[in-house]
Structures are given as structure tokens and as C-alpha cells.
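**Q** next comes the sequence, and after it the predicted model I'd like to discuss.
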Amino acid sequence: MVIVGGGPCGLMLAIELGRRGIEALVLDQKPGTAFNPQANATQARTMEYYRRLGFADEIRALGLPSEFPTDIAYFTRFAKYELARFRLPSAREARAMVTTLSGSWSAAELPHRVAQKYVEQVLRRHAEHVARVHYGWRITRFHPQRDHVDVHAEPAAGGAPRVMRCEYLVGADGAKSLVRQAMGWRYGGETGVARDFVGGRMYAVYCRIAEFYREVPHRAAWMNVSFNRERRCFMPAVDGKAEFAFHTQLKAHEDEAKIDERAAADMVRQAVGAPLDVEVLARDIWTAGHALVAERYGEGRVFIGGDAAHLFTPTGGLGYNTAVEDAVNLAAVLKGRASPRLLESYEIERKPLAVRNTTYAKRFADSLGTFEPTAEIEDDTPAGAAARARAGAYLEAHGRAEFNIPGITFGGRYDGSPAIVSDGTAPPGESANTYMPSACPGGRPPHAWLEDARSLYDLLGLEWTLLGLRSHASVEAPDLQVVNLKHDALRELYGADFALIRPDQVVAWRGASVEEALRALEKLRG
């Protein structure tokens, strides 16, 4: 299999396939993994997938120091007035808290705030153990056939081209995906949305501000947001020491072509509100205001995932996490025993989830970007204080809505998929900020911590798992792991004696007998 793109989606897909013994080749025209921070939030569901593969702790050790607050804080300017703060646990606190939580946040892992550049390094290292990963190579064209795909590739720096033959081709090659465009699949949805913030031309500055934490008189935060009429921005901490990923929206009169390093540093200082030294490490232009999903996710032996399939405005931190879920889902259907009908389930399942997630991201962008600072927001007057109080109340509610999202993180469902056997029950209603665990087929299995301090998810296999929750299951089938718990509380939580869990940790079926489970498994495998 050839995977085009060595970002989170492509690398995760290579790991998932390689762990299953499927040969994969990753090609990416970049010289290596990302230098710029890129995405900054790994959601809990993504961390659960990393845990299943054995490197969640490795990811959680990266990025901010273990004691660093992962708060979201809003300021007029970072060295001036603090408006609001939504407090969240540090990495160390998250490790301790996760085993004590129930309800919406009953999970094997909690979210982690870490720059994508660090995550990609871990994913690449693990992918290289089980797959071939080659940066500095680009594909130029491909030709799908009935039983294979011919792929033409060449070194990005110049050299002799090669032609490769593979069973499947997967385009995880970003928003300008050659694979998607060659297949003639267009994006659909909304683009060009204009807002006061996160809706238009954005300028990114990866920078080092050595004196930031010594000169800014506020408690540290992971996400720093400036709210004033001159320079709005969001600026997540990258290393918790001096590095930041600054993103601001350019005004109509600002020409990105005329912004040099000095001008970029000045924009950062405007948001800080203090004359600190700013070292520019990298800078780039990008566009906010997208909520786009490809019209097709696959055809024949060609598939797409990640930004090639969906493009987000980054509010809510959903783009990278949706891309990882694409990879986990696609790997499960590309397994050797998959039937053509199961291959079709990838688009049936993942496209509606992308529409759902881009819609949520747009709502968060509208909430933040259409709320504008008043003229007196920075004044040291009673009117200024009143304006700051009003803005603080709004932004605190917004922060809680955008960053406490178990319903989005855990609540995605695949109802109506041919890879699910419905039992006729209705799933719980969806809410962004609350999640109700349910074993209704099509969703995430309800999680629980067991008496020996293990997560239930630690017992689930890389392939299919049959959970026996009251009666004992004794059965052998290819790629099926049987877990007998005889656990009354879990039996009540799952609402059935048995549950069949798919390789991507989704409930495929639940019922009363092993025989029914085997019939469901046979049907799902085609």
C-alpha cells in the first residue's frame, strides 16, 4: 500500500497497517516532519488510540512541562488586563485524575496539550518500525486499475523517477491533495467566511520570547488569547519556557508580502503589550473560515483522509484529531479480510463525522470571531472596567464551550453503516459539552476502570474483541480476542451479556449469545 503524506493521518495509518502485518510505504515531498508547531491539542479519544498502540505516555511526556497549567486565558493584552480563564489540569494532574472520573469524562486518557511537531516525531519513529517511510519523495501521477494502482514518484530534489505497483493508494497529502484533485473530488461546504477574527487572512509566527514568563504578571496558560481592537490573536505555549505559536488575523490594509521579520515581531509585541524581545523562528500565511468536506472519500482502490478529505478552521482543535480517527477507521477496513462492502463503509462513516466536526469548529469560530471588543475595552476608567467585565463573562462561557467537549470527543457515531449491526435501540442525544456513555451499536464502547486498576480498553485487541459481561464465552475465530469479565456493573452499563468491539474501538453488535455474535461477525466481514 502506498500512503501519500507523512503527517499525523499518513503516519498513523502506516502504524495501524504495519502492526497488522500489512506492508505500507509512506511518501512525503517535505524533507521531514513539521518544524512549525501546527495543531496544539490532542483530544482524549486520540490519546486512547495512542494508548492502544503503546505510546500514549510517550506523547504525554512531550510539549509543556508536566506541572504547566493547560488553562485557556483571555486578556486585553498578555501583559495588561486578564479578562477570563478556563482552568484545566496539567499533564501530571491529568494522569492522577483520569482514574477518578465518571460520566462524561470516563476515559482511558484525558486530553493533552502538545504541538503537532512533537507528535509527528513520535508517530514517525513508530511508523519506521513497521513500515517504510520516505520523506523527500513526491508522487507525480497514478493510474488506478481493477486489481492494483500504478504510482509514479520521484525525489523532490530531482532524480530518477520510479513506478510502483500497490494494492491501494491513500492520499493523506493535505488540503491541496494531488490524490483528491486527480480523482476529481471537490470540497463541499463553507469557505471564505469573514469575521472580525478567525475568518480571513491569518498570519502565523513561530517565535521565542525569552522574558515572557518573567515580565507578564499573570498565571501561565497553555492558550493565550488577546482581545483588543488593534491586534487580536491566539497564542498557545509550545514548550512552556519561551516558545509560542502566534496567530493573528491581518487587517484589510495589511499586505502579507510586506511583512518582514521585524514587522512580524512587532505584531507579537502588540498582542503582548510590552516591549519584549521576540525572536522569529518561522512565519507563514494561512486562511481561516473553512468548513470543507470532500464529496468522495474513496473509489475502487483509491482513498483519502486527513486534510485531503476535510479542512477546518482550528477552533476546537478538531482537524488533526479527526485525521487520526480517519486513519484508525481506514486501517480497519483495509485489513486483508475486508469485503468490498466494508471498504464502502469508510466513506459512509467518516464523511458525516467530518461534516459534524467542521460544523462544530465553525460554531466555535463564530462565537469567538463575531464577538468584537468595544472601543473602551483597554481604558483605565469605570466604562473600561465594565466593558472588561462584560467581555470576561462572555469569553469565560465561550472557553468552557470550546474546550470542555466530551460530547464531540467521544460522541461520534456510525449509525446506518454496513459495518454495524443495529439492535433497534436509539442512541442518546448529542451535546457538545456532555457525553452519555452508551453501548448502542455504532458508538464508542463505554469505558470503565477495573478493580486491578486497568482500563477496560487495555483488554481490547488490535482486531476484533468479544466482551463477555455475564456469561462465559468460549470461541475461537480468526482475529477475534475473547475477554470474559463477568462484571455486573459493566453488564448494566452495556445493557447486554455480550458486545462485539471493532478494531477501531467501536461497538459493532451487542446481544445475548455467542452464536449471535459469531453470525454478526461473519456478516460484518462479508
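**A** The structure has been received and is ready for your questions.
**Q** how about the contacts made by Arg413?
**A** Taking Cβ atoms under 8 Å, 6 or more residues apart in numbering as the criterion, Arg413 is in contact with 427, 430, 442-443. The C-beta positions use only the backbone N, C-alpha and C, and glycine is treated the same way.
**Q** try it again with 10 Å
**A** Applying Cβ atoms under 10 Å, 6 or more residues apart in numbering, we find Arg413 in contact with 349, 352-353, 356, 420, 427-428, 430, 438, 440-444, 506-507.
**Q** same deal with Ala375?
**A** Ala375 makes contacts with 229, 383-384, 387, as judged by Cβ under 10 Å, 6+ apart.
**Q** what's the answer for Ala512, then?
**A** With contacts defined as Cβ under 10 Å, 6+ apart, Ala512 is in contact with 470-471, 496-498.
**Q** give me that answer again for 8 Å
**A** For Ala512, counting by Cβ under 8 Å, 6+ apart, the contacting residues are 496-498.
**Q** can you tell me how far Val216 is from Ala274?
**A** Look at Val216 and Ala274: by Cβ to Cβ, to the nearest Å, they are 7 Å apart.
**Q** and for the two, which residues touch both?
**A** 78-79.
**Q** higher neighbour count, these two?
**A** More crowded of Val216 and Ala274, by other Cβ atoms under 10 Å: Val216, with 22 against 15.
**Q** now that one: how far from Arg77?
**A** Summarising the geometry, the distance separating Val216 from Arg77, computed by Cβ to Cβ, is 9 Å.
**Q** got it, and Glu215?
**A** Counting by Cβ to Cβ, the gap between Glu215 and Arg77 amounts to 12 Å.
**Q** who does the helix or strand encompassing Met12 touch, helix- and strand-wise?
**A** Using DSSP states H and E, the element containing Met12 is helix 8-19. Under the contact definition 3 or more Cβ pairs under 8 Å, 6 or more residues apart in numbering; DSSP states H and E, helix 8-19 sits against strand 2-4, strand 25-28, helix 44-53, helix 116-130, helix 319-334.
**Q** let's see it at 6 Å
**A** strand 2-4, helix 116-130, helix 319-334 (3 or more Cβ pairs under 6 Å, 6 or more residues apart in numbering; DSSP states H and E).
**Q** not counting sequence-adjacent ones, nearest residue to Glu211?
**A** On the basis of Cβ to Cβ, 6 or more residues apart in numbering, the spatially nearest residue to Glu211 that is not a chain neighbour turns out to be Leu276, at 5.2 Å.
**Q** ok, that neighbour touching Ala210?
**A** No: the pair formed by Leu276 and Ala210 falls short of the contact definition of Cβ atoms under 6 Å, at 8.1 Å.
**Q** which one of these two has more residues nearby?
**A** For Leu276 and Ala210, the more surrounded residue by other Cβ under 10 Å is Leu276, and the numbers stand at 18 against 14.
**Q** if we can go back for a sec, could you check the angle the helix holding Met12 makes with helix 44-53?
**A** With axes from the mean of the first three to the mean of the last three Cα atoms, to 10 degrees defining the directions, helix 8-19 sits at 30 degrees from helix 44-53.
**Q** just give me the neighbour total for Ala204.
**A** The number of residues packed around Ala204, counting by other Cβ under 10 Å, is 19.
**Q** quick one, what contacts it?
**A** For Ala204, the set of contacting residues under the criterion of Cβ atoms under 6 Å, 6 or more residues apart in numbering consists of 247, 284.
**Q** any idea how far Phe244 is from it?
**A** For Ala204, the distance to Phe244 - Cβ to Cβ - is 11 Å.
**Q** try Glu476
**A** Glu476 is 54 Å from Phe244, by Cβ to Cβ.
**Q** try Ala291
**A** Relative to Phe244, Ala291 is positioned 27 Å away (Cβ to Cβ).
**Q** which of the contacts of Arg413 are buried, as a PyMOL select command?
**A** PyMOL command restricting the contacts of Arg413 to the buried ones, with burial defined by 16 or more other Cβ atoms under 10 Å:
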select buried, resi 349+352+353+356+420+427+428+438+440+441+442+443+444+506+507
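**Q** among the contacts of Arg413, name the ones in strands.
**A** In strands, defined here by DSSP state E, the members of these are Val507.
**Q** tell me where the model's unsure across the protein.
**A** Low-confidence segments of the chain, defined by pLDDT under 70: 336-339.
**Q** could you list the buried residues of stretch 377-386?
**A** Across stretch 377-386, burial judged by 16+ other Cβ under 10 Å covers 377-378, 384.
**Q** may I see these organised as JSON lines, with secondary structure added?
**A** Formatted as JSON lines, the buried residues of stretch 377-386 follow (DSSP: H, G, I helix; E, B strand; the rest coil):
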{"residue": "Ile377", "secondary structure": "coil"}
{"residue": "Glu378", "secondary structure": "coil"}
{"residue": "Gly384", "secondary structure": "helix"}
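**Q** which one of these is nearest Glu492?
**A** Distance ranking of the buried residues of stretch 377-386 against Glu492, using Cβ to Cβ, places Ile377 first at 51.8 Å.
**Q** pretty sure that closest one contacts Ala387?
**A** Yes: with the criterion set as Cβ under 6 Å, Ile377 and Ala387 qualify as a contacting pair; they are 4.8 Å apart.
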